[in-house]
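In: Sequence unavailable; structure follows:
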């Protein structure tokens, strides 16, 4: 898996680039947590659930169905808590589903593990992309604070850092350009 740090950083970057007009601490927390939450499935090891099982690591929690359910539930909760109107909550839902769904395809870029059950519960087959440049992250804090963990961080900075900065930068520039265009158009009228 890419590290939880990378998942959260991608979420915060996309959250910044695609943010709605109104944001608060709940919004930013959701942006950081939604892409990382699927890895909470490692707790399944404590309950004797095997890695390759339906509820095991990279199983159901890494699927698109789980991402849709998680994103919609989070958008509804944030919308309700912050008393947002339906159009604003609908935009949050689209963004939150995208953020939650980013996890599985990112993990499919790694070079280890059993693959991702991307289409679970409908298809429990596990998938990788044909191209797997990302070093698989060790599981557990002790293993993460090892030479392997540091190698993974450097690898992720190489592969995710520049594309994330580029995509987020372009989205922010586009957003700025659109707001200037709107301001110019409203002045001309």
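Out: Nice, thanks for sending it over. Quick caveat: nothing in here was measured; it's all calculated off a predicted structure.

In: in this protein, which ranges drop under the pLDDT threshold?
Out: 1-2, 188-189 (pLDDT under 70).

In: Show me the helices in it, by range?
Out: Secondary structure of the chain by DSSP state H: the helices cover 4-17, 25-33, 64-81, 86-101, 103-107, 141-144, 147-188.

In: which helices and strands sit right next to the longest one?
Out: When you say that, I think you mean helix 147-188. helix 4-17 (3 or more C-beta pairs under 8 Å, 6 or more residues apart in numbering; DSSP states H and E). C-beta here means a position set from N, CA and C on the backbone, and glycine is covered the same way.

In: What residues sit buried inside the helix it packs on?
Out: Neighbour-count burial for helix 4-17 flags 4, 6-15, 17 (criterion: 16 or more other C-beta atoms under 10 Å).

In: thinking again about what came up before, I'd like the helices of the chain as a markdown table, with distance to residue 50 appended.
Out: Output for the helices of the chain, formatted as a markdown table (distance: least, C-beta to C-beta, whole Å):
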| stretch | distance to residue 50 |
| --- | --- |
| helix 4-17 | 22 |
| helix 25-33 | 26 |
| helix 64-81 | 19 |
| helix 86-101 | 24 |
| helix 103-107 | 18 |
| helix 141-144 | 19 |
| helix 147-188 | 23 |
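
In: Which positions within stretch 122-129 qualify as buried?
Out: 126-128.

In: cool, stretch 158-174 as well?
Out: Within stretch 158-174, the residues that qualify as buried are 159-160, 164, 168, 171, counting by 16+ other C-beta under 10 Å.

In: Which one of the residues you listed is nearest to residue 105?
Out: Within these, proximity to residue 105 (C-beta to C-beta) peaks at residue 160, which comes in at 12.2 Å.

In: List the contacts of the nearest residue to that closest one once chain neighbours are set aside.
Out: Spatial nearest neighbour of residue 160, chain neighbours left out: residue 6 (5.5 Å); criterion: C-beta to C-beta, 6 or more residues apart in numbering. Residues counted as contacts of residue 6 (C-beta atoms under 8 Å, 6 or more residues apart in numbering) are 106, 156, 160.

In: any chance of the residues you listed in a markdown table, with distance to residue 70 too?
Out: Converted to a markdown table, the contacts of residue 6 look like this (distance: C-beta to C-beta, whole Å):
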| residue | distance to residue 70 |
| --- | --- |
| 106 | 15 |
| 156 | 23 |
| 160 | 21 |
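
In: and which of those residues is nearest residue 96?
Out: residue 106 (16.3 Å).

In: any idea what sits nearest residue 22, other than its immediate chain neighbours?
Out: Nearest non-adjacent residue to residue 22, counting by C-beta to C-beta, 6+ apart: residue 88, 7.0 Å away.
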